[in-house]
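Quick one: sequence and predicted model below, then my questions.
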Amino acid sequence: MNAIVITPGTSTVRVVQRPDPVIARPDEVKVRTLQVGICGTDREEASGGRAEAPEGRTELVLGHEILGEVVETGSAVTRVRPGDLAVFTVRRGCGRCLPCAMNRSDMCLTGEFRERGIRGLDGFQAEYVVDREEYVVRIPGEIAAIGVLTEPLSIVEKAIDEAVRIQFARLPAASATPDWLHGRRCLVAGLGPIGLLAAMVLVLRGAEVHGLDIVDPDTPRPRWLEHIGGSYVDGRTLPAEEIATKLGPMELLFESTGAPRLAFNLLEALALNGVYVLTGIPAGHCVAQLPACDLARDLVLDNQVMIGSVNAARGHFQLAVDDLVLAQLRWPGHLERLITDRFSPEDAPDALHRHSADEIKAVIEWYAR
């Protein structure tokens, strides 16, 4: 079969021949890959950034945002059957800590986890993939056109869920309503795929959503946001320190820019008792000078919480599936507009090394269903 590989530490991207994977255990699932999304992590890896090949190998198969069709299952598998659409989760546990034993490797305590297509395990940019049933999530046919968004949306689901759980635990009045987000003023910083999906989830929860970026208002990302009821904020005309005055303090901030200076400056927009979740990962060479004293003082005196969130568990993938179904019903066909660029496997080097100004989400298309 064909597979897209990199040599970690280099900018080499190639399409190579690999043996077809086979089911070797009764709890394994084999899928034919339909689509695999490309994200900033993939492009960082393809440019020589953080990536680790499987032990004893020099090449790594890329890709961690899969949508596939089940073609074969082991004798013990019950969650999916041939013909179903499915995705796999990404991280695999260390085998040593309690969270990993609970299939919550997103909260691994040892740091010795592996990740498909990123760290120590081949990814999903290949014609066929085999993995265990505990990592599979079935995708309903009605969201086949957007199922490839499940993995990035799972990151959003975890981050927002963590932020809300923290507020429920510490705010005396939070338990007065089953949906703390309803009516809350929220700001999403960075309108890439993660940011736009975060805005979508917050709108579905009934929040007042503002999206911050530095692109022209009449470009695809602001227009996509406004279609679902969000409000665009141009960071070139409204500095972070003026957001609270002009728009009101934000009770939840969701950051997906990977720009640490902006991320910390946005603390000035956070409301009293507010919660701030960061998902953006700065580039390895990034250097930023920050007013540490002022930031620490504000966090303490305003009783604020700031957390980082990464990866997701199988339950967050299921939340993502549920919200994709709801969003498809509420805005028919609109989520498909997030997928702006489609490439063949042979075009992978170009897709990974450059992208258009209007790109939101790019995917490699392996098979049509």
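In hand now; what should we look at? Numbers count the residues shown, from 1 in each chain.

Go ahead and report the secondary structure state at the most centrally placed residue in the chain.
Centroid-nearest residue in the chain, with CA atoms, centre = their mean: P152, separated by 2.6 Å. With DSSP: H, G, I helix; E, B strand; the rest coil as the basis, P152 sits in helix.

Let me see the contact set for it.
P152 sits next to G37, C39, E65, P193, I194, L197, K361 when contact means CB atoms under 8 Å, 6 or more residues apart in numbering. In this view, the C-beta of every residue, glycine as well, is placed from N, C-alpha and C.

and if you look at A101?
Residues near A101 by CB under 8 Å, 6+ apart: G93, G95.

before we move on, back to that, mind putting the contacts of P152 into CSV with pLDDT?
Compiled in CSV, the contacts of P152 are given as follows (pLDDT from 0 to 100):
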residue, pLDDT
G37, 98
C39, 96
E65, 98
P193, 98
I194, 98
L197, 98
K361, 98
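
Out of those, which is nearest to L299?
Nearest to L299 out of those is I194 (CB to CB; 23.9 Å).

contacting residues for the closest one?
Here I194 is in contact with P152, I155, V156, S256, T279, G280 (CB under 8 Å, 6+ apart).

Let's see if you can find the most crowded of these.
V156 (31 neighbours; other CB atoms under 10 Å).

Tell me who's in contact with that one.
Contacts for V156 were tallied using CB under 8 Å, 6+ apart; they are I194, L197, A198, V201, F254, T279, A320.

Quick one: residues contacting the second one.
L197 makes contact with L149, P152, L153, V156, L338, according to CB under 8 Å, 6+ apart.

chain center to the helix or strand of the chain with the lowest mean pLDDT: distance?
In the chain, no helix or strand scores lower on mean pLDDT, DSSP states H and E than helix 292-301, which sits at a mean of 86. Relative to its chain's centre, helix 292-301 lies at 29 Å (CA atoms, centre = their mean, to the nearest Å).

what's the answer for stretch 73-92, then?
In terms of CA atoms, centre = their mean, the centre of stretch 73-92 is set 21 Å apart from its chain centre.

Could you write out the alpha-carbon coordinates of it in CSV?
The C-alpha coordinates for stretch 73-92 follow below in CSV (Å, rounded to 0.1, in the frame of the first residue of the first chain):
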residue,chain,number,x,y,z
THR,A,73,-12.8,-6.7,12.3
GLY,A,74,-11.5,-9.2,14.8
SER,A,75,-13.8,-11.8,16.3
ALA,A,76,-14.2,-9.9,19.6
VAL,A,77,-15.1,-6.5,18.1
THR,A,78,-18.6,-5.2,18.8
ARG,A,79,-18.4,-1.4,18.4
VAL,A,80,-18.1,-1.3,14.6
ARG,A,81,-18.6,-3.7,11.7
PRO,A,82,-17.5,-3.7,8.0
GLY,A,83,-19.1,-0.8,6.1
ASP,A,84,-19.2,1.6,9.1
LEU,A,85,-17.3,4.9,9.1
ALA,A,86,-14.8,5.3,11.9
VAL,A,87,-12.0,7.3,13.4
PHE,A,88,-9.2,6.3,15.7
THR,A,89,-8.0,8.3,18.7
VAL,A,90,-4.3,9.4,18.6
ARG,A,91,-2.5,8.8,21.9
ARG,A,92,-1.5,5.4,23.3
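
Can you get me a residue count around R165?
For R165, the neighbour count with other CB under 10 Å is 13.

Let me know the distance separating it from D347.
Going from R165 to D347 by CB to CB, to the nearest Å gives 42 Å.

do the same with E69
For E69, the distance to D347 - CB to CB - is 22 Å.

Between the two, which is the more surrounded one?
Neighbours were tallied for E69 and for D347 using other CB under 10 Å; the higher tally belongs to E69 (18 against 14).

what's the closest non-adjacent residue to that one?
Spatial nearest neighbour of E69, excluding adjacent residues (CB to CB, 6 or more residues apart in numbering): R32 at 5.0 Å.

same thing with A46?
Nearest to A46 is L352, by CB to CB, 6+ apart, at 4.0 Å.

Tell me the one of the contacts of V156 nearest P178?
Nearest to P178 among those, with distances taken as CB to CB, is V201, at 16.2 Å.

on that earlier part again, how many neighbours does the residue nearest to E69 have?
Neighbours of R32 (other CB under 10 Å): 16.

Which pLDDT value belongs to it?
At R32, the model reports a pLDDT of 98.
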